[in-house]
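# sharing a sequence plus its predicted fold:
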Amino acid sequence: MAHPPPYEPYYLAPPLPDYGYSTNDGNGINTLFVSGLPDDVKAREIHNLFRRRPGFESCQLKYTGRGNQGVKFDPETGLTLHIELARSNSRRKHKPGSGPYVVIDLRTKSGADARETSSDDDDGSDENVDAVNQDDSAADKSAEQTTTSIDAFAPDNDQAEKTSDGACSTLFIANLGPNCTEDELKQVLSLYPGFNSLKIRARGGMPVAFADFEKVEQATHAINALQGSTLASSDRGGMHIEYARSKMRKP
DNA sequence: AGCACA
């Protein structure tokens, strides 16, 4: 008779009971924003922190390069995790074939170790995190192997969320008048090569728009040409245009 | 200054 295994790997475990945590205060946010992480944090560490928590689905680790860059922090003394509700929910759902977590590395390549890839980090630096968990090891390896790595420095990925200099092929347009219409804006934008699509959000207040272009360079061209220009509908100054924080999702 | 889409 075959004995049942001592424990199930997390990816085979039965669904955890629903504690109703997914319904929160009502703003619909079910993503946590975690900051205060050391620069050398590994995606697997974050995954280990949350993987046993009821309702946890997936995590996404982004090296912004904004934080402790160039500064040696003693993890024993300096670091405090800060966790808050995210501004918006993560759009990355756990799709079959993709890894349990996602890595986005936007750090500039000045430090000695530049980025984590899916291949090379083995154990040694994550005892603290492992101590939090009751068990692991086998599952970790498989998790590591299926890690998805999104590298902003990879050559020729115009469709990346953002390039290293902050450019993006989607533009964010603000300072629009209350009567600005999608058609009006679309008419202007379509004069510029590579223009794909436009979305206007009112969000209760003044409208803002997202304009997607085929290539980053084409978005750059449009931003340069249209920055500060005034639409007919405007009851205020010209448009404020920036690169969007993330590329518009595929239609 | 204001950054969504699922």
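Structure received.
# low-confidence stretches in chain A?
Residue ranges of chain A with pLDDT under 70: A:1-30, A:33, A:37, A:52, A:54, A:59, A:61, A:63, A:65-85, A:87-160.
# just give me the longest helix of it.
Ranked by number of residues, the top helix in chain A under DSSP state H is helix A:216-226.
# that helix near DNA strand B at all?
No - in terms of C-beta under 7 Å from any atom of the strand, no part of helix A:216-226 sits within range of DNA strand B; the closest distance is 10.9 Å. C-beta: built from backbone N, CA, C; applies to glycine.
# also stretch A:162-176?
Yes - under the criterion of C-beta under 7 Å from any atom of the strand, stretch A:162-176 makes contact with DNA strand B via A:170, A:172, A:174-175.
# which of the residues you listed count as buried?
A:170, A:172, A:175 (16 or more other C-beta atoms under 10 Å).
# filter the residues you listed down to the ones in helices?
No part of these ends up in helices, with DSSP H as the criterion.
# phi, psi of residue A:189?
Torsion angles at residue A:189 (phi, psi; degrees, to the nearest 10) stand at phi -70, psi -30.
# domain assignment for chain A?
As assigned by automatic domain parsing, chain A contains the domains A:32-151, A:170-243.
# helix or strand right after the longest helix of chain A?
strand A:240-243 (DSSP states H and E).
# does residue A:179 touch residue A:231 like I think?
No - Residue A:179 lies out of contact with residue A:231 (C-beta atoms under 8 Å); the separation is 9.4 Å.
# which one's more surrounded, those two?
More crowded of residue A:179 and residue A:231, by other C-beta atoms under 10 Å: residue A:231, with 20 against 12.
# residue contacts, the more buried one?
Residues near residue A:231 by C-beta atoms under 8 Å, 6 or more residues apart in numbering: A:176-177, A:180, A:184-185, A:188, A:239.
# is it correct that residue A:188 falls within a helix?
Yes - under DSSP: H, G, I helix; E, B strand; the rest coil, residue A:188 falls within a helix.
# show me what contacts it?
Contacts of residue A:188 (C-beta under 8 Å, 6+ apart): A:226, A:229, A:231.
# just send these back as TSV, with distance to residue A:218 too.
Formatted as TSV, the contacts of residue A:188 follow (distance: C-beta to C-beta, whole Å):
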residue	distance to residue A:218
A:226	12
A:229	17
A:231	20
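# beta-bridge partners for residue A:195, please?
With DSSP bridges as the criterion, residue A:195 is bridged to residue A:213.
# hang on, it packs against residue A:221?
No - using C-beta under 8 Å, residue A:195 is not in contact with residue A:221; the gap is 10.1 Å.
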